[in-house]
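Sharing a model prediction with you, sequence too.
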Amino acid sequence: MSITAQAPKSPPAPGLTSAEVEQRRRDGLTNDVPERASRSVRDIVRANVFTRINAILGVLFILVMATGSIIDGMFGLLIVANSAVGIIQEVRAKKTLDNLAIVGQAKPVVRRDGAAAEVAPQEVVLDDIIELGPGDQIVVDGEVVESELLEVDESLLTGEADPIDKTVGAPVMSGSFVVSGSGAYRATKVGKDAYAAKLAEEASKFTLVNSELRNGINTILKVITYLLIPAGLLSIYNQLVSSGESWRPAVNGMVAALVPMVPEGLVLMTSIAFAVGVVRLGRRKCLVQELPAIEGLARVDVVCADKTGTLTENGMRLAEIRPVGASPSVAGDGAAANGAAGNGDDELKRVLAAMAADDPRPNASVLAIKEALPDTPGWRPTGVAPFSSAKKWSGFSYGEHGNWLLGAPDVLLDPESEIAATAQEIGAQGLRVLLLARSDRPVDAADAPGEVTAAALVVLEQKVRPDARDTLDYFASQQVDIKVISGDNAVSVGAVASSLGLTGGEHAVDARKLPEDRDRLADVLEQQTTFGRVRPDQKRAMVSALQSRGHTVAMTGDGVNDVLALKDSDIGVAMGAGSPATRAVAQIVLLDNKFATLPYVVGEGRRVIGNIERVSNLFLTKTVYSVVLAFLIGIAGVGSQIFDYESIGYPFLPRHVTIAAWFTIGIPAFILSLAPNNERARTGFVGRVMRLAIPSGVVIGVMTFIAYLLAYEGPDASETEKVQAGTTALITLLIIAVWVLAIVARPWVWWKVLLIGGSITGYLVLFSVPFTREFFKLDPSNVTLTTTAFVLGGIGIVLVELAWWVSARLRGEAHPLLPAAPGEEV
């Protein structure tokens, strides 16, 4: 893209005065977009209290209270518990997110009273003058008032692929970002009038939408709702008509049949798991801007990582200035700032010092030069060509002092030239090499750089992050592929990758030789791991090519050249010290700038998703066996009307279904939802859950029904016999349900064994202590019936285990009696 010369610069606009700013605030002309579109505490309370599940349980609770049996209304505590726990966890997550969002917030530089200062985006007012530089996001709509070769990328808003040259008077839209150059613009639309305000608000909401997990749970809840209607009607008919009982026990039986059908904790545990994940990641200075990102990270199997700022530290050190034709002169570690360049020519030092001082937004390379060469000659630039990742060079014209370029040697020179070959050799040591060269024309000419004459090689040291190797080793152990994608020289990138032990790092690929066809590009990406000289549009194409092969791709980056790839990746991860534009489009921001934080983020995602799947198995097994038992009891009741045999009522009271859930679902589910889990998430959540829940629930429902039939003495039985029949059915149910818990908890480790043992102990106490037996109406004193319950429970265990084994074989998996997965020993 050619760049036309700019008109002579006019004095910079001073901006508004303090009085003018205050007047606009009083007039409401502020950028009043919420700092973060998270739900208010009021919305969180409403969402957790007024739920469909709470409504169902609330109606059933009122019915039980009408019978006068307060004890049987204990399940009503679920309404309070569900709401309270959900509110507490979501409020904690909200506070964590909001606090981190403030820390990671990009602050525009605004001129007021003739001075420039950073302000929060919400403090921008109409007519403010806002300064721009590479990587800055445009926070409100405006009109350019100063332009120094300003180029803006609007692709996130308009789809336009190429950066747009913005001259004085050109409009700029909020949501776009600066690719290169510098300038300033006047705010013409602020707040909700700005083009991207609504988009930005929607993009950062505290929400669980667009999630396979959430969609799967919603699908399951729909199916359950459809099953509840016929099962509920059948239970109501059986209890109120067929059973022949008075209305009070009939209502209690009906409620006991309906309550366990409601998977009351499934949505709650999902919300808690996500919220706790947000809080845990927040402690590691990781800002989750979109909650589905936690789930996405659990599914990631490819991480595309930039080299600079990710594998290496952001800071660099000027190691050497090697004039063309001179021998190496590398400074020692203790060299002073000016001496850091060794014995380089004094004129070259002055040129580099001038270029570094005149760069309004220096990158890491220029900052290293500026730090080493602080004494500037004070030359006045007559032309400027800002750096961009696409052309990979920048330049300044200094009149009689010449036209100077600084950039990639293999771009400014013939890659086969001797100087480029020397730069390649130096880069093979893991150093960054830039070329300082003269041009025969002004650097801002339309046909720049023109004829290039090499002057010196500028060698920069980049320090590899000490934790980078451990991070790469972690991903390798988790079968997550790493692709190093960098704009640097391929040999230099390969040297860094090889030093970290990355497979294939020694065979770095020059991206200028990559095919443009997506399928052929995907073939190369499947085989190779390290790529250099990658343009921003190529990074985006690489992400797309990997996704076309079914990969879930995470992209990490910190520069403006990473924005489009971050936006297109499944999970965009930005560094906190990165450009405002990268932080704005990323779903996750690592505020501590540590690549080593990423394994914890991935691990947290896997913990959340894996544990929700486990917990779902428990809740849905309970729903299935409740529906099956209700259908069997209801059909038997209807049959008694048709064939004139003794009617049969529901075996349990509401208090029985309450304690049945305590130690087989409630407490274990809460603990399992927060437990370590390193298994990579897979698609097909609904299918996997139902393959265990349906057969397990059917077995429990059928065996419980059989136990009740064997123990039931008819409607004329004594109260003791009715209690013993219900106890027999309950023991059978609990034995098999505890075994389902044991299956879901596999692989077993010490704390899981304690959890299962604790559940068994809890029920032994309930059935053994006289007070609890009387309180919950339990009577296991009939040895014959209790033995029958244990036998039927044992048969149920075998059938559940057989069903699980068949399901695992159909999925091509091994039997679950295996050692613990790494990380689950905790």
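Ah, there it is.

Check which residues of stretch 178-190 are buried.
Counting neighbours by 16 or more other Cβ atoms under 10 Å, one finds that the buried residues in stretch 178-190 are 178-187, 189-190. The C-beta positions use only the backbone N, C-alpha and C, and glycine is treated the same way.

what distance separates that stretch from the middle of the whole chain?
In this view, stretch 178-190 has its centroid 31 Å away from the chain centroid, taken as Cα atoms, centre = their mean, to the nearest Å.

who does the host helix or strand of A541 touch, helix- and strand-wise?
When elements are assigned from DSSP states H and E, A541 belongs to helix 536-548. Packing partners of helix 536-548 (3 or more Cβ pairs under 8 Å, 6 or more residues apart in numbering; DSSP states H and E): strand 302-305, strand 481-485, helix 518-527, strand 553-557, helix 563-568.

Any buried residues in that helix, and which?
For helix 536-548, burial by neighbour count (16+ other Cβ under 10 Å) applies to 536-547.

quick check, nearest of those residues to V491?
Q538 (17.7 Å; Cβ to Cβ).

In contact with that closest one, which residues are there?
The contact partners of Q538, by Cβ atoms under 8 Å, 6 or more residues apart in numbering, come to 511, 514.

how much space is there between it and A511?
Distance of Q538 to A511, computed by Cβ to Cβ, to the nearest Å: 5 Å.

any idea where the helices of the stretch 551-700 of the chain begin and end?
563-568, 580-585, 598-643, 654-661, 667-673, 685-711 (DSSP state H, counting those that start in this stretch).

State the mean pLDDT of the fourth one.
Right, the one you point to is helix 654-661. For helix 654-661, the mean per-residue pLDDT is 84.

Not counting its neighbours along the chain, what's nearest the most centrally placed residue in the chain?
The chain has A293 as the residue nearest its centroid, 2.3 Å off, counting by Cα atoms, centre = their mean. Nearest residue to A293, sequence neighbours excluded (Cβ to Cβ, 6 or more residues apart in numbering): Q587, at 3.7 Å.

any idea how far the one you found is from P362?
Taking Cβ to Cβ, one finds Q587 at 29 Å from P362.

neighbour-wise, which of the two wins?
Q587 (25 against 20; other Cβ atoms under 10 Å).

Count the residues that sit near the residue lying closest to K166 once chain neighbours are set aside.
Take K166 and drop its neighbours on the chain: the residue closest to it by Cβ to Cβ, 6+ apart is L150, 4.5 Å away. When neighbours are defined as other Cβ under 10 Å, L150 has 28 of them.

Output the helix or strand harbouring L150 as PDB, nothing but the C-alphas.
Per DSSP H and E: L150 is located in strand 141-153. Taking Å, rounded to 0.1, in the frame of the first residue of the first chain, the C-alpha atoms of strand 141-153 are listed here in PDB:
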ATOM      1  CA  ASP A 141     -16.100   8.200  17.200                       C
ATOM      2  CA  GLY A 142     -14.200  11.200  16.000                       C
ATOM      3  CA  GLU A 143     -12.500  13.300  13.300                       C
ATOM      4  CA  VAL A 144      -8.700  13.200  12.700                       C
ATOM      5  CA  VAL A 145      -7.100  16.600  13.500                       C
ATOM      6  CA  GLU A 146      -3.400  15.400  13.300                       C
ATOM      7  CA  SER A 147      -1.900  12.700  11.200                       C
ATOM      8  CA  GLU A 148       1.600  11.400  10.900                       C
ATOM      9  CA  LEU A 149       1.100   8.600   8.400                       C
ATOM     10  CA  LEU A 150      -1.800   7.400  10.500                       C
ATOM     11  CA  GLU A 151      -3.200   4.000   9.400                       C
ATOM     12  CA  VAL A 152      -6.300   2.500  11.000                       C
ATOM     13  CA  ASP A 153      -7.600  -1.000  10.800                       C
END
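
Show me what that strand pairs with in its sheet, parallel or antiparallel.
Strand 141-153 sits in its sheet next to strand 164-165 (antiparallel), strand 171-172 (antiparallel), strand 177-189 (antiparallel), going by DSSP bridges.

Save those as JSON lines, and put in mean pLDDT and distance to T658 too.
Listed next are the strands paired with strand 141-153 as JSON lines, based on pLDDT from 0 to 100; distance: least, Cβ to Cβ, whole Å:
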{"stretch": "strand 164-165", "mean pLDDT": "86", "distance to T658": "65"}
{"stretch": "strand 171-172", "mean pLDDT": "90", "distance to T658": "62"}
{"stretch": "strand 177-189", "mean pLDDT": "88", "distance to T658": "56"}
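
Include distance to Y625 when you put the ones you listed into CSV, please.
Formatted as CSV, the strands paired with strand 141-153 follow (distance: least, Cβ to Cβ, whole Å):
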stretch, distance to Y625
strand 164-165, 63
strand 171-172, 62
strand 177-189, 55
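
Between these, which one is closest to E131.
Using Cβ to Cβ, the nearest of the strands paired with strand 141-153 to E131 is strand 177-189, at 4.9 Å.

how much does that closest one deviate in direction from helix 536-548?
Orientation check (axes from the mean of the first three to the mean of the last three Cα atoms, to 10 degrees): strand 177-189 against helix 536-548 gives 100 degrees.

would you put the C-alpha positions of strand 177-189 in CSV?
Below are the C-alpha coordinates for strand 177-189, written out as CSV (Å, rounded to 0.1, in the frame of the first residue of the first chain):
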residue,chain,number,x,y,z
PHE,A,177,-7.4,0.4,16.1
VAL,A,178,-4.2,2.0,14.9
VAL,A,179,-1.8,-0.1,12.8
SER,A,180,1.0,2.3,12.3
GLY,A,181,1.8,6.0,12.5
SER,A,182,0.5,8.5,15.0
GLY,A,183,-1.9,11.4,15.3
ALA,A,184,-4.8,12.7,17.2
TYR,A,185,-8.6,13.0,16.8
ARG,A,186,-11.5,15.1,18.2
ALA,A,187,-14.3,13.2,19.8
THR,A,188,-17.5,13.8,17.9
LYS,A,189,-19.7,11.0,19.3
